[in-house]
Structure formats: structure tokens, C-alpha cells
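Peer 1: Okay, here's the prediction I keep looking at, along with the sequence it came from:
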Amino acid sequence: MRLADCLRQPSRLWGASIAAKLVLGYGLLGTISIAVVSVVFYTGTIGVLDQNLDGKIVAQAQRLLHRANADGHAHLIEEVRRLLADGIDSDREIFQLLDSEGNTLAGNLGSWPQAEDETEASTRPQMISADVVREGHLKPARLYLRPLDGGGMLIVGRDLSEQEAVRELIWDALLAGAGVSLLLTVAGALLFRRTIENKLGEIRGTAARIEAGDLSHRIAISGDDEFARLNRDINRMLDRIELLMEGIRHVSNAIAHDLRTPLSRIRGRLDDALRHEASVERLAGASHDAIDDIDDLIRLFERLLQIAEVESGMRTSMFERLDLGRVVADIGEMYEASAEDDNITLSVDAPESLYVDGDRNLLASAIASLLENAIKYAGPGSVVRIRAGLHHGMAAIAVSDNGPGIPAEELDKVTQRFYRLDKSRHLPGNGLGLSIVAATATAHGGRLALEDNAPGLVARLVLPLAGSQLS
């Protein structure tokens, strides 16, 4: 956004932009921090110097008064004159000794302030800051006014000219440092804002391309910060959306293709019955055939609805603790007669106490689909085995056969809806069985794995163990 636009639309800059609010917040925080640091630094330097100076002045006054009490008032005058003439700290020290009338007995001040509280000036010492005339110049000073016994006043102090210069130097340094720090804070906040806007701009740009129909676009990922992790999550979500959209397109095409044939067959039979002499036998036969084809279509839509229900997660509220071995044993027993009729040897290995959390009906339907596919496609004289157990620390149901199997290049395709191998198109079915099994596995947090059994196929349904078994 250009500066002119920002000035014309301040609400857009500060009201609608979270990045701008962060900049303002960090700017205020930086300013307050600078102010606090400046106060602490100033108090720790000038404040300490002022306290030390007051202590030194009072201590020096006490030493003079002790000398006066020991040696007499005249010796106090001599001591003041000696201190003023010794050349030690003569550029800053201040001494003034007054008699009871306010006349100068000794000292180096041309003028001096009166006590702030005249009523108690003769009894109570006072520490004041005032301007005094010293060496013909008006200078700031820190003074300790100490009344003397029997009248008079002792004034001890320090010229604050150097200290005031140090104070101004510190203030100038603090102001300069605060200005530079504030500029750096604002610059850092603006840089932070630009970084956030660039990161969010990439996300918004990708969202705009996705909205326009380009589902293949992804957000560039660099580094491993919070935005990189967010971008990675969004890209995974977009991958899933693209996969689902591709699945919807594939399903739509497959439904249109698979519905055309039975509908055309139904129409042809009914039309044929109407074109010829209408007899009860002919019309009844055409009706029965049409009903059979319609029943096939109903089963097709029921399986599609089953897939949609599983993928939507509607059945997860019905999960319960299941013994997967017992479910496998029940399904195996149910298919023993069917396998025997097809001259297929069926063996079941299903130890108990293999617990998972899931929907009994969904898992039973998935296991039955795998077993039914194995019996149907393995062919007479083959051997089909179903086994429940552990597989890499997870519960697994493996259905294996020694039939013709599936070509390696088509293993990833057979779980797609309506996908059927060319050699199996003459067999009854609609290509949804493995799709339902894969959807069921995903809904339970697991997966369906298809592997070459050399010869034949191994279909392995892998599921997480129940929580109590994970430890």
C-alpha cells in the first residue's frame, strides 16, 4: 500500500490490518520500554550523585561543628578560611560563616539564600538548592544551612555547575538514545509488518488461484517457523481437497458411464415388450428384468452412500472396544460354505484378545468384502487365508490368496471408485468394494495395503490398537 493511500484511508491502515495493529502495539511497547529504561538510568546516575553529594556536605559540616565545639568559635573561623585557601576542591566548595546579625565572618559567597522556614531557621538545619553569587558569577549550588549555638549560621555546600553539565549531557544522551531506539523500533515494527503481509499475501494469492479453479497451486515453504508449518498444513489440506475433487470428477464420470448401460438395458427391454404383441408372459418377463436392473442400481447407490457416510465421519460416534480376532472368526465361519461350494480352501487364523476401537458393522463389512473378493477372483482350486494379528505394532487383518492377483502397476488404482480390471469386467460387481474398505480403514485411523503374494494377492487392513494396548 502506498503512503498516500494510507494517509487517505487511515482506517484501512490501522483498523482493518492486524499487521498494522501489531506495528502500533510494538511501537507503543518500545516507547514505554525506552521511557522506563531512561527513568531507571537517570535515577541510578543523577539521583545517586545527588544523594552522595548531600551526604558529603552534611558530613563536612559536622566535622567543622565538632572542631568548633572542641576549640571554640574562633577556631571555626580559622578552619573555614584554611579550607578555602588550601587549594583542594576550591572550584566547587562553598563555605560561609555568619554571625548572629547575618554579617560574614568568613566565606566565599557574594550572596546567599535565606532559610526556607525563617521561624525555625535558628534551630533546624535545612538542605536547599539555590543560585548563589560565587567569584562574581551566579551559579547553581546545593547548600546545607546549619544554625550555630549562640546565634549565627554555617553554610556548607557545593557548586553544581559541573553536575548540571553532567545532567544535561546525560539528558542529551538519553534523548538521543531514545530517538534512535524509537526509530529502530518503528523500523523493526514496519519490517515485521511487511514480513507478515508478505507471508499472508502468499496465502491469499494461493487462495485466489484456488478460488479461480487452479487446484494445483501450492504455497512456497521456506524455513521451519510458524508460517512454514501453517503453509505446510494448508498445502496438505489443498492436496486432500484436490484429491477429493478429482475423486468427485471421477465418480461423476463413472456414475454417468455405469448408469448408461443398465438404464439403456431397462429402456430397451421395456421398448421391446411394447413393440411386440403385448402378452402377460412378455410383459411380466420384461418387468422382472427391469426390476432386477433397478435393484442393481439401488445397490450401487447404497454402496455410494455407504462410502459417503464413512468418509464423513458420521459413524465415529458409534465406535466401541472390539475384539478384532472374534470379528474375523465370525466372518470366516460365515464364508466357509461359500468357499467350499466354489472348491476353494479357506483357512482362518484369528486369535482372540486383539482389541481395537471401531464400528463393528463397518469393520465386519470391510472384512467380508476382502474375503468375498478373494473367493471370487482367486478361482476354483485356490487357497484363501484370513489371519488377524500384529503388524509393525498395529492390529492387522490379512486376506491372502494364490490366484491370478493384480498387476503391480494397477495396485494403486483398484481402490478408486468404479475401477475394475479388464479381466474382471465379465464378473458381477461395480468396482466399489475396495473403495469402501479403504474408506473404512481411513475412518478408523488405519489404511488398506495391497501387496503381491507371488502368486496371488495380500489385502491387509491395518488398524491402530485400542488405547489400553498401546502401553
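Peer 2: The structure has been received and is ready for your questions.
Peer 1: Toward the C-terminus, what is the element adjacent to the helix or strand containing A173?
Peer 2: Applying DSSP states H and E as the criterion places A173 in helix 161-211. Next helix or strand after helix 161-211 toward the C-terminus (DSSP H and E): helix 226-275.
Peer 1: What is that following helix packed up against?
Peer 2: Packing contacts for helix 226-275, counted by 3 or more CB pairs under 8 Å, 6 or more residues apart in numbering; DSSP states H and E, involve helix 161-211, helix 280-312. Using the backbone N, CA and C atoms, a C-beta is placed for each residue, glycine as well.
Peer 1: rewinding a little: and the helix holding A173, average pLDDT?
Peer 2: Across helix 161-211, pLDDT averages out at 82.
Peer 1: now that helix against helix 226-275, angle please.
Peer 2: On the basis of axes from the mean of the first three to the mean of the last three CA atoms, to 10 degrees, helix 161-211 is oriented at 10 degrees to helix 226-275.
Peer 1: Can I get the helices and strands packed on helix 226-275 in a markdown table including distance to A459 and mean neighbour count?
Peer 2: What follows is those, written out as a markdown table (distance: least, CB to CB, whole Å; neighbours: other CB atoms under 10 Å):
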| stretch | distance to A459 | mean neighbour count |
| --- | --- | --- |
| helix 161-211 | 35 | 14 |
| helix 280-312 | 17 | 14 |
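Peer 1: May I see the buried residues of the host helix or strand of L28?
Peer 2: Using DSSP H and E, L28 sits within helix 18-42. Judged by neighbour count (16 or more other CB atoms under 10 Å), helix 18-42 contains these buried residues: 19-20, 23, 26-27, 30, 34, 38.
Peer 1: And for stretch 334-348?
Peer 2: For stretch 334-348, a neighbour-count test (16+ other CB under 10 Å) marks 335, 339, 342, 344, 346, 348 as buried.
Peer 1: repeat for stretch 215-223
Peer 2: Here stretch 215-223 shows 215, 218-219 as buried, counting by 16+ other CB under 10 Å.
Peer 1: any idea which of the residues you listed is the one closest to M318?
Peer 2: Comparing the buried residues of stretch 215-223 against M318 with CB to CB places L215 closest, at 33.1 Å.
Peer 1: which residues touch the closest one?
Peer 2: 238, 241-242, 245 (CB atoms under 8 Å, 6 or more residues apart in numbering).
Peer 1: Worst mean pLDDT across the helices and strands of the protein, which element?
Peer 2: Taking mean pLDDT, DSSP states H and E as the measure, the chain has helix 3-8 as its least confident helix or strand, at a mean of 43.
Peer 1: so what's L304 scoring on pLDDT?
Peer 2: If you check L304, the pLDDT there is 66.
Peer 1: make that Q416, sorry
Peer 2: Value for Q416, per-residue pLDDT: 65.
Peer 1: And R385, by the same measure?
Peer 2: 91.
Peer 1: What of V399?
Peer 2: V399 is assigned 90 on the pLDDT scale.
Peer 1: Can you get me a residue count around it?
Peer 2: The local packing of V399 (other CB atoms under 10 Å) involves 25 other residues.
Peer 1: which one is L49 nearest to, not counting chain neighbours?
Peer 2: Closest residue to L49 apart from its sequence neighbours, by CB to CB, 6 or more residues apart in numbering: Q163 at 6.5 Å.
Peer 1: That neighbour: what's it in contact with?
Peer 2: So Q163 contacts 46, 49, 53 (CB under 8 Å, 6+ apart).
Peer 1: For it, give its distance to W112.
Peer 2: 19 Å (CB to CB, to the nearest Å).
Peer 1: returning to what we had before: and which of the buried residues of stretch 215-223 is nearest to L84?
Peer 2: For the buried residues of stretch 215-223, the nearest to L84 is I219 (81.2 Å; CB to CB).
Peer 1: Now the closest one: phi and psi?
Peer 2: As for I219, its main-chain torsions (degrees, to the nearest 10) stand at phi -80, psi 130.
Peer 1: next one: G393
Peer 2: Dihedral angles for G393 - degrees, to the nearest 10 - are phi 80, psi 10.
Peer 1: now D224
Peer 2: The phi/psi pair for D224 (degrees, to the nearest 10) is phi -140, psi 40.
Peer 1: what comes up buried for stretch 228-238?
Peer 2: Those would be 231, 234-235, 238, for stretch 228-238 by 16+ other CB under 10 Å.
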